[in-house]
Structures are given as C-alpha cells and as structure tokens.
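Chemist: how would this look folded up:
(one chain, ligands or ions: 1)
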Amino acid sequence: MPAPALRIRGLRKAFPKVVAVDGVDLEVARGEVFGLLGPNGAGKTTTLEIIEGLTSADAGSIEILGLTWEQQGQEIRSRIGVQLQSTSLFNKITPREALDLYGSYYPKRRGTQELLDLVQLEEKADAYHVTLSGGQQQRLALAMALVNDPELVFLDEPTTGLDPQARRSLWDVVRRMKGEGRTVVLTTHYMDEAEALCDRLAIMDHGKVIATGTPASLISELAIPSVVELTFEGAAPEPAAFAARLGQAVERRADLWEIPTPDPKTLLPRLLEAAEAAVVPFQQVHVRRATLEDVFLHRTGRSLRE
Ligand SMILES: Nc1ncnc2c1ncn2[C@@H]1O[C@H](COP(=O)(O)OP(=O)(O)OP(=O)(O)O)[C@@H](O)[C@H]1O
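Modeler: Sure, this is the predicted structure:
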C-alpha cells in the first residue's frame, strides 16, 4: 500500500490574536479531490500554507506522499503543485511565456501546449496576462500548478470572485486533473463547489475540523433530507404561534422561513392549514433537499454565508 497523499496529525498555528489552526488531523487518499470547506477565517488557508511549506506550524506532523519537509523537502517540492495567486504575474507576460518560464525551473516538466489545451487557453496563449478575464487568469494559475506534472495539487479558493460560468469551467479543469490520476486538495467557502467537486470534505470552523466525510454522508448524517422554505405575502405571522399550530420548529432567516423535515409530503398539508388559520398567505413554498449549508448550520448554529 502506498502512503496516503497526505497525513496530518495535531496541526496547530497561533497568531498573536487568534489560534488559526487548532489541532487539525486530516488524511487524504491518493486520487481524491479533497476539500477544506469553511467560512472566512476558519483557518483553511493557513492549514494549506503549512502543508505547502510556506508557513511554519507551532505543533503537529505532516506527511506528504509519505515524505516529510524535514527529511525530503526537495523531493516534496518536485512532486507537488501549488496554485499561485494569478495576480502575482506581470501584466505583460503571456500564458505561453509564463508556462515556458515557470516550467524551466523544473527538470521534469509538461509541455506548454499540452497545458494550454488542458485549461482551454489556446486562444489566449499569446495575449497579455492583463487582458485575460478573471476566469482565464485562474485557469492559467491552475496550468502553472501543473508544470512539473505533480502527483498532488493544492488549490486555494480557485473560483473566488468568478462568475458562475467561469466557475464551472474551472471545475472541469479540476475534474480533468483527477481524471489524470492526480490528488487535488482545495479550499473553498462555496458549499455548491464542495458538493459538486469533492470526493471528501473536512468542514472547518475556528481552526478545527468539525466534520469529515463525503458530501452525501455528511448530508445524510443530518437525518433531515429535506427543507421546506417559506416566504409570506406581507407581514409574516408570529413565529412561535405558527410553530405551535404546525407542531414543528421553524427557523427564520430574515424573510425566509425554513422547516427541516424528513417527510415533506405530510408536512405540506399541515403547513397549508397553519397558514390558513394564521390568515397569512404564502408568497412561495419551496421544497429542497438538505445541503452542506444545513450541515454547517446544524453543527455550528451559524450560516456558512454569514
Ligand atoms: N499572518 C497572519 N497574522 C495574523 N493573523 C493571521 C495571519 N494569517 C491568518 N490570520 C488569522 O488566522 C485566522 C485564519 O485565517 P485563514 O486565512 O487561515 O482562514 P481562511 O479559512 O483561509 O479564511 P479566508 O477564506 O478568509 O482566507 C483568521 O482569523 C486570520 O485573521
């Protein structure tokens, strides 16, 4: 059995005002797309930077592909890929030049044309970096993380700030990385991204891993497969009285009310009765399946989006 792609035990890092990483254990298998999901400030970037060897830890151990930074730093560097912030490139470098230059640092490297094809940047290969869209710049950053043909790739919030179409095209690139047999570790604060892209996830909050599993297992552990969402026309009824009539707790998020339920079919008629009794018509009733957002809300009492 080869060593796992990543094995982390008891990782800790404190800054003067905050413990950014507070006893993190993680294990990532080879070939997985593994996500660190959490709100801003959860400690995802610090965790990643420690793993990448960019920040020192106060405590804990890290094994990357069975190697340690202390013993085999050079070998780790040659076998991992790290996505740089695309903004750190010169304005007047082209994707082709950037990949040629970056590739020249490594003895083992992938061809520039092959990388341009992989991230679908052929058309922009000779355009100045400054003229690329945000999504194209991010795709170039991903290609640069692959120049040394790494077995393990780290991506820090690869789609932050992109529009939905650009995000999806980036997801395709990550899926292609996996298709080529690479392990991908990424951070995100988008639950839809985590759900769509990751084989397994660690949900982080306040420097700690609060849950680990596949997106499906994390959601099914909640035991509330569905959530009924309600909005009212005009003023909403008094929540406590409405919940009492309904015989069920309701969660309010501003104008939107949410009712987690294992059985929406029997809840819906009761809901209509309660609304009729309260004489407040619904504007919208929407049944959706539970998401990772509900997992986070359930475990922390807060929304990922807050
Ligand atoms: N160099 C630093 N000096 C002091 N505090 C820091 C430093 N880097 C991070 N922090 C703090 O550590 C905590 C974790 O930050 P980190 O960037 O790891 O979180 P994150 O989950 O990646 O969030 P984001 O999505 O905002 O980057 C935050 O409270 C942050 O303010």
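Chemist: give me the neighbour count for Gly35.
Modeler: With neighbours defined by other C-beta atoms under 10 Å, the count for Gly35 comes to 27. To be clear about C-beta, it is placed using only N, CA and C from the backbone, and glycine gets the same treatment.
Chemist: now it: how far from the ligand?
Modeler: From Gly35 across to the ligand, the span is 12 Å (C-beta to the nearest ligand atom, to the nearest Å).
Chemist: what's the closest non-adjacent residue to that residue?
Modeler: Cys198 (3.6 Å; C-beta to C-beta, 6 or more residues apart in numbering).
Chemist: same thing with Leu99?
Modeler: Thr112 is the one closest to Leu99 (C-beta to C-beta, 6+ apart), at 4.3 Å.
Chemist: for that neighbour, which residues are in contact?
Modeler: Thr112 is in contact with 96, 99-100, 103, counting by C-beta atoms under 8 Å, 6 or more residues apart in numbering.
Chemist: now restrict the residues you listed to buried residues only.
Modeler: Using 16 or more other C-beta atoms under 10 Å as the burial test, those include 96, 99, 103 as buried.
Chemist: which bits of this protein sit near the ligand?
Modeler: Residues of the chain found near the ligand (C-beta under 6 Å from any ligand atom) are 15, 18, 20, 38, 40-46, 189.
Chemist: if we can go back for a sec, quick check, nearest of the contacts of Thr112 to Leu65?
Modeler: Set against Leu65, the nearest of these by C-beta to C-beta is Gly103 (21.1 Å).
Chemist: run a quick check on that closest one versus Glu114, I expect a contact.
Modeler: No: assessed by C-beta atoms under 8 Å, Gly103 is found out of contact with Glu114, at 10.6 Å.
Chemist: for the ligand, give me its nearest residue in the stretch 101-250 of the chain.
Modeler: Going by C-beta to the nearest ligand atom, the ligand is nearest to His189 of the stretch 101-250 of the chain, at 5.6 Å.
Chemist: let me know how buried that residue is, in neighbour terms.
Modeler: Neighbour tally, His189, other C-beta under 10 Å: 19.
Chemist: ok, for it, nearest residue in space, not its chain neighbours?
Modeler: Pro39 (5.8 Å).
Chemist: in a strand, that neighbour, correct?
Modeler: No: assignment of Pro39 by DSSP: H, G, I helix; E, B strand; the rest coil gives coil, placing it outside any strand.
Chemist: where does it fall, phi/psi-wise?
Modeler: Reported as degrees, to the nearest 10, the phi and psi values for Pro39 are phi -70, psi 170.
Chemist: that one and Leu304 touch, don't they?
Modeler: Yes: if you go by C-beta under 8 Å, Pro39 and Leu304 touch, sitting 5.4 Å apart.
Chemist: now for these two: what residues contact both?
Modeler: Here Pro39 and Leu304 have 189, 296 as joint contacts, going by C-beta under 8 Å, 6+ apart.
Chemist: which one's more surrounded, the two?
Modeler: Per other C-beta under 10 Å, whichever of Pro39 and Leu304 has more neighbours is Leu304, with 23 against 18.
Chemist: related to what we said a few turns ago, in strands, which of the residues of the chain next to the ligand fall?
Modeler: 15, 18, 20 (DSSP state E).
Chemist: list only buried entries from these.
Modeler: Among these, those scoring as buried are Ala20 (criterion: 16+ other C-beta under 10 Å).
Chemist: name the nearest of the ones in strands among the residues of the chain next to the ligand relative to Leu246.
Modeler: For those, the nearest to Leu246 is Val18 (41.3 Å; C-beta to C-beta).
Chemist: mind listing what Gly73 touches?
Modeler: Gly73 sits next to Gly53 when contact means C-beta under 8 Å, 6+ apart.
Chemist: A helix includes it, no?
Modeler: Yes: the assignment for Gly73 by three-state DSSP puts it in a helix.
Chemist: look up how far Thr45 lies from it.
Modeler: Distance of Gly73 to Thr45, given as C-beta to C-beta, to the nearest Å: 21 Å.
Chemist: distance of the residue nearest the centre of the chain relative to Ala194?
Modeler: For the chain, the residue nearest the mean C-alpha position is Thr188 (2.7 Å; C-alpha atoms, centre = their mean). For Thr188, the distance to Ala194 equals 6 Å [C-beta to C-beta].
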